[in-house]
Every structure is written in C-alpha cells, then in structure tokens.
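**Student:** The following comprises the amino acid sequence and a computationally predicted model.
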Amino acid sequence: MTDFAKEPLLLTPGPLTTSRTVKEAMSRDWGARDALFIEMTSRVRRAFEKISGVEVDGGSHTCIPIQGSGTFAVEAAITSFVPRNGKVLVLVNGAYGRRICRICNYHNRTFTSYET
C-alpha cells in the first residue's frame, strides 16, 4: 500500500485530493513578485487563453488566475463584475447555489434565484 492510499479520500466537489507528486511539486513557496513566479503565471495565462480561443495579445478577453476555492472565485466575480445596481440570476440546485444567494445578500447585490 502506498502512502497516498493511506490518506483520506476527500469526496467533496473540487480538486481537493491530490497525489504525492502534485503535493511535492507544489511544496515550494513562491513570492508574488518573484521573477520565476511571474513567468510561470504568464505561461499558465497564455495556455488558458489558447485553450479558450481568445486572442492572447491585445484581445478583448484575458485569464486572471486567482487563489482560493470555487466559492472565492464566485464571490470575486460577483463583486468585480456585477455593479451595485446590477442583478444576478442564481440557479439553485443545492448548497452551492444557496451559498451564492448568501454571497449576493452579503454584498448587497440584487438577485433572482431559480431553484430546481
């Protein structure tokens, strides 16, 4: 039995359970202004832009990596892209949809929810 097999298996949504090799690769601390980190982030951005089909240089879209959970990303998107007088449609089919409603309430964003 490998060390990885002895670790608990996380069955929640999201990339939470990672292999030993991934943990080892991510064990280095990176400074946000470190030249290698900036270059690595730039490569990741270009790769995502290429995958998504947007123009990489001077296009109308870009990729901005953010650190945090999916909930963090949703909250960042709502508070960044929905104006205070805007409105959000939240499709609710479980806990995450209800969480998005709470995020909208917390940040005083008007929303309509549709629950399935």
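**Tutor:** Yep, that arrived.

**Student:** From Ala47, how far out is the nearest residue to Ile103 once chain neighbours are set aside?
**Tutor:** In this structure, Ile103 finds its nearest non-sequential neighbour in Glu75, 5.0 Å apart by Cβ to Cβ, 6 or more residues apart in numbering. C-beta here means a position set from N, CA and C on the backbone, and glycine is covered the same way. Look at Glu75 and Ala47: by Cβ to Cβ, to the nearest Å, they are 25 Å apart.

**Student:** try Thr18
**Tutor:** Applying Cβ to Cβ to Thr18 and Ala47 gives a distance of 20 Å.

**Student:** try Lys6
**Tutor:** Going from Lys6 to Ala47 by Cβ to Cβ gives 33 Å.

**Student:** So for those two, which sits in the more crowded spot?
**Tutor:** Higher neighbour count among Lys6 and Ala47: Ala47, with 12 against 7, using other Cβ atoms under 10 Å.

**Student:** sorry, back to before: what kind of secondary structure is the residue nearest to Ile103 in?
**Tutor:** What DSSP: H, G, I helix; E, B strand; the rest coil gives for Glu75 is helix.

**Student:** count of residues packed around it?
**Tutor:** 19.

**Student:** Next one, pLDDT for it please.
**Tutor:** Predicted confidence (pLDDT) for Glu75: 97.

**Student:** other SSEs contacting the longest helix seen in the chain?
**Tutor:** Identified as the longest helix of the chain according to DSSP state H is helix 35-52. Helices and strands touching helix 35-52, as assessed by 3 or more Cβ pairs under 8 Å, 6 or more residues apart in numbering; DSSP states H and E, are absent.

**Student:** Give me the contacts around that helix.
**Tutor:** Trp30, Gly31, Glu55, Val56, Gly59, His61, Thr62, Cys63, Ile64, Pro65 (Cβ atoms under 8 Å, 6 or more residues apart in numbering).

**Student:** can you tell me which two in those residues are farthest apart?
**Tutor:** Gly31 and Glu55 (29.9 Å; Cβ to Cβ).
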